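In: 3D, please:
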Amino acid sequence: MQRITHCRCLLLTSPYADADDPEIRECFPNGPRRTIGMVEVTLENGVTGLGEGYLAVFAPKVFRSIVELCVPQVLDKDGFDISGRVRDLRSLCDYWSLQGAARHVISAFEIALQDAKGKSLGKPVYDLLGGARTDAIPIYGSGGCCDHKDQFLREFDLLGSLGISTYKIRAVKGDIRRTSWVLDEACGRDIRVGVDMCQNLADPPQAVDDVVAYVDAVHARTDARMIFIEEALGPECAEEFRELRTRIDVPVCGGEIVTTPREMIRRIHDDVYDFVQPDASVIGGISAVMDIFDAARERKTDVVVHAWGGAAAIMASYHAAFAGGGRLVEYPMLDFPLAREMIGDEGEIRDGRLLRSTAAGLGLTLTPEMEARYPFDETAVYSCALLDYGPPPDSYWE
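Out: All right, here's what the predicted structure looks like:
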């Protein structure tokens with residue numbers, strides 16, 4: 001047993017991506033700076049652990065307020081009893097946030113406790129979960145937030161330097177010529193391409209017919225084929241996702257927006273997706289992702305962890321993937337110095353594969369000097385009220 005003696009909330013802000021990237025121009029009205037929210041727990045042995053909730057990217061002050069509400073619920077209790085602490089936090093939050101914001105905060109506490117326990121025992125977190133099933137996992141480059149050819153070419157060069165042969169871009173239903181250009185360019189480099197249609201932020205979302213028309217129009221312009229299509233419909237469109245799977249010959253995936261294992265498992269059993277994409281910083285922590293792996297294994301459904309947060313969120317999902325037998329993981333390509341510095345060599349990619357971290361806990365580094373270099377900027381938030389600045393005309397992609 002190791003009592004939890006202290007908890008604190010950390011909000012840190014780092015430069016992020018490039019000012020000319022479309023996502024920055026659309027979603028970061030105050031420029032290319034991104035905030036992450038973490039929970040740091042301290043055990044009575046003096047060991048600290050870090051966890052992250054994705055909520056802070058959008059609403060950092062909300063994240064901090066919920067963390068402060070939750071801290072008394074776990075102080076002086078056994079930090080090694082992680083499932084017990086999750087139950088405590090759920091008893092506090094489930095009535096008013098069974099799904100959504102509080103689940104992100106619970107994720108941060110759960111991940112922090114996994115990290116602290118692993119460091120206390122001198123073991124990587126995946127060893128707490130039964131051990132790694134492999135020494136390396138193929139990785140796909142997640143980028144494509146581009147609206148000019150030179151931006152795509154820069155990302156192709158990065159993929160090539162890392163030996164990565166799978167790439168995900170962002171596209172909307174009108175991006176037919178842009179998508180076909182990317183598919184052709186990637187084919188010439190022996191790179192396969194999946195498409196994220198970003199409907200996790202859309203209200204109302206596009207219809208199944210829109211997705212079918214987009215896929216058909218893109219494939220009519222090129223011999224290359226998309227290898228998956230992600231978040232093509234809205235968060236509540238489970239039935240529509242099932243219909244979409246019957247109408248296109250491209251694998252359909254999603255799930256990064258799902259905040260409880262029960263909902264994700266229900267979608268697995270209902271054949272909503274060809275493969276699922278849980279995020280440890282959203283769905284309740286690493287143990288929740290392991291529940292997804294167990295359920296997916298029974299249904300012979302692949303799990304490809306979503307990894308688009310900061311260092312703690314990324315490494316939490318990676319440790320779950322190693323323990324769960326993931327066959328593919330996401331690598332965010334947009335530059336994020338804070339995450340890169342915290343992960344260091346523990347996120348090594350070699351020949352297109354993520355190597356298993358060998359450090360105790362999650363393998364993260366955070367020093368007081370690093371905290372001082374990345375102070376919280378309350379204006380650095382992701383805005384879901386998208387700004388439409390107008391991409392290049394279709395003729396640009398000819």
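
In: which residues of the stretch 1-150 of the chain fall in strands?
Out: 4-15, 33-43, 48-53, 136-142 (DSSP state E, counting those that start in this stretch).

In: do you know which of the ones you listed lies nearest I24?
Out: strand 33-43 (9.2 Å; CB to CB). The C-beta positions use only the backbone N, C-alpha and C, and glycine is treated the same way.

In: which of the strands of the stretch 1-150 of the chain sits most buried?
Out: strand 48-53 (a mean of 27; mean count of other CB atoms under 10 Å).

In: got the angle between that strand and strand 4-15?
Out: 50 degrees (axes from the mean of the first three to the mean of the last three CA atoms, to 10 degrees).

In: still on that earlier bit, nearest to L69, of the strands of the stretch 1-150 of the chain?
Out: strand 4-15 (10.6 Å).

In: partner strands of the closest one and their direction?
Out: Take DSSP bridges as the rule and strand 4-15 pairs in its sheet with strand 33-43 (antiparallel).

In: using PDB, write down the CA coordinates of the partner strand.
Out: What follows is strand 33-43 as a C-alpha-only set of coordinates in PDB (Å, rounded to 0.1, in the frame of the first residue of the first chain):
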ATOM      1  CA  ARG A  33       0.000  27.500 -28.900                       C
ATOM      2  CA  ARG A  34      -1.600  24.500 -27.300                       C
ATOM      3  CA  THR A  35      -2.500  23.800 -23.600                       C
ATOM      4  CA  ILE A  36      -2.500  20.500 -21.900                       C
ATOM      5  CA  GLY A  37      -3.800  19.600 -18.500                       C
ATOM      6  CA  MET A  38      -2.200  17.000 -16.200                       C
ATOM      7  CA  VAL A  39      -2.700  15.600 -12.700                       C
ATOM      8  CA  GLU A  40       0.400  14.900 -10.700                       C
ATOM      9  CA  VAL A  41       0.000  12.500  -7.700                       C
ATOM     10  CA  THR A  42       2.500  12.000  -5.000                       C
ATOM     11  CA  LEU A  43       2.700   8.800  -3.000                       C
END
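
In: in stretch 241-256, which residues are buried?
Out: 241-242, 244-245, 248, 250-256 (16 or more other CB atoms under 10 Å).

In: nope, stretch 219-232 is what I was after
Out: 219, 224, 226-232.

In: from the chain's centroid, how far away is that stretch?
Out: Its chain's average C-alpha position is 22 Å from that of stretch 219-232, according to CA atoms, centre = their mean, to the nearest Å.

In: on that earlier part again, L128: which of the buried residues of stretch 219-232 is nearest?
Out: E230 (29.7 Å).

In: ok, the closest residue to that closest one other than its chain neighbours - how many residues close by?
Out: Among residues not flanking E230 along the chain, D196 sits closest, at 4.3 Å (CB to CB, 6 or more residues apart in numbering). Neighbour count of D196, defined by other CB atoms under 10 Å: 22.

In: measure the residue nearest the centre of the chain to L159 for me?
Out: Taking CA atoms, centre = their mean, the centroid of the chain lies closest to A307, which sits 2.8 Å from it. A307 is 16 Å from L159, where distance means CB to CB, to the nearest Å.

In: then C7?
Out: Where L159 is concerned, C7 sits at a distance of 39 Å (CB to CB).

In: next: K149.
Out: 15 Å.

In: more neighbours, these two?
Out: Taking other CB under 10 Å, K149 and L159 do not tie; L159 has more neighbours (21 against 15).

In: show me the shaky parts of the stretch 251-398 of the chain.
Out: Within the stretch 251-398 of the chain, the stretches with pLDDT under 70 are 387-390.

In: kindly recompute the last result at 80.
Out: Along the stretch 251-398 of the chain, the model assigns pLDDT under 80 to residues 386-394, 398.

In: now the helices: where do they sit in it?
Out: Counting by DSSP state H, counting those that start in this stretch, the stretch 251-398 of the chain has helices at residues 261-269, 286-299, 311-324, 337-343, 368-373.
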